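**Q** what's the 3D shape of this:
(one chain, ligands or ions: 3)
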Amino acid sequence: MAQMYFYYSAMNAGKSTTLLQSSFNYRERGMTPIIFTAAIDDRYGKGKVSSRIGLQEEAELFNSADDLYARLLDIQHGQKIDCVLIDECQFLTKEQVYQLTEVVDKLHIPVLCYGLRSDFRGELFEGSRYLLAWADKLVELKTICHCGRKANMVIRQDETGRAIADGDQVEIGGNDRYVSVCRKHYKEALGR
Ligand SMILES: Nc1ncnc2c1ncn2[C@@H]1O[C@H](COP(=O)(O)OP(=O)(O)O)[C@@H](O)[C@H]1O
Ligand SMILES: Cc1cn([C@H]2C[C@H](O)[C@@H](COP(=O)(O)O)O2)c(=O)[nH]c1=O
Ligand SMILES: [Zn+2]
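**A** Numbers count the residues shown, from 1 in each chain. Ligands and ions are numbered 1, 2, ... in the order given. Model prediction:
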C-alpha cells in the first residue's frame, strides 16, 4: 500500500539531506523518484534541491497554482514513477496536499513530503496543517538548540540579530535570517 509521509522539523535539521538520501536509495535499486521543490525558494538556484552539506539534485518546481495530480499524471505518461519526494512542503496549498493524497490513493505512488511544521511566529504553514491532518505517517526530524534541548521553533532575526515577532509568513532565507531553538529560548528571544 502506498502511503503519504510528512517529515517535519525546524530549519537545519537535515530535511533536504534526508530527501536526497531517499532519492539515492530509490535510484540504487533501479527505481525512479520524482523530486519537487517550491519555486519561491530559490536560495540555491532554481530547479534543484540542495542540502547544507553540499548534496544536490535536479527537481521539478511547484507554485501555488499548480495541479500536482495533473502534473504527475502527465509525467507518468512518459515514464514510470516509483515515488514522489517534495521539499519545502510547508509551501503547498490545501488543494495541493489533497492532490498528493490522490497520487497515493489513485496512482498508488508513495509521496514523501519534507518541510517545516511552523513559522517564526509559531503558526502552522498551510501545507503543514493539512499534511499533519491527512498524512499516513508523521515523522519528526530533530535538530538541537544551543542549550542542547530539541529545537522545535524557529526565530526570524532582523539585520542586527534581534528576534522579530511579526511580519509576512513567507520570507526566503537561511542561517543568516533564521535560527532553530527550543521553545524556552524562543520565548526568551521574544521577551515573553
Ligand atoms: N559541512 C557539513 N558537514 C556535515 N554536516 C553539515 C555540514 N554543514 C551543515 N551540516 C548539517 O546539515 C544539516 C542541515 O541539513 P539540511 O538538509 O540543509 O537541513 P534542512 O533541509 O532541514 O534545513 C544540519 O544538521 C547541519 O549541522
Ligand atoms: C521559519 C520560516 C522559514 N521560512 C523559509 C525560510 C527558508 O527559505 C525555508 C525553510 O528552509 P529549510 O532550511 O529547507 O527548512 O522557509 C519562511 O518563509 N517563513 C518562516 O517563518
Ligand atoms: Zn534552548
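**Q** what residues are up against the spatially most central residue of the chain?
**A** What sits nearest the mean C-alpha location of the chain, by Cα atoms, centre = their mean, is Gly115, with 2.2 Å. Contact analysis of Gly115 by Cβ atoms under 8 Å, 6 or more residues apart in numbering lists 6-8, 15, 86-92, 125, 127-128, 131. For glycine as for every other residue, the C-beta is placed from the backbone atoms N, C-alpha and C.
**Q** following the helix or strand of the chain with the lowest mean pLDDT, which helix or strand shows up next?
**A** Least confident helix or strand, the chain: strand 48-50 with a mean of 92, by mean pLDDT, DSSP states H and E. Using DSSP states H and E, the helix or strand that follows strand 48-50 in sequence is strand 56-58.
**Q** and that following strand with ligand 2, contact?
**A** No: using Cβ under 6 Å from any ligand atom, strand 56-58 never reaches ligand 2; the gap is at least 12.7 Å.
**Q** on that earlier part again, pick out whichever of the contacts of Gly115 sits closest to ligand 1.
**A** Ligand 1 has its nearest neighbour among the contacts of Gly115 in Lys15, at 3.5 Å by Cβ to the nearest ligand atom.
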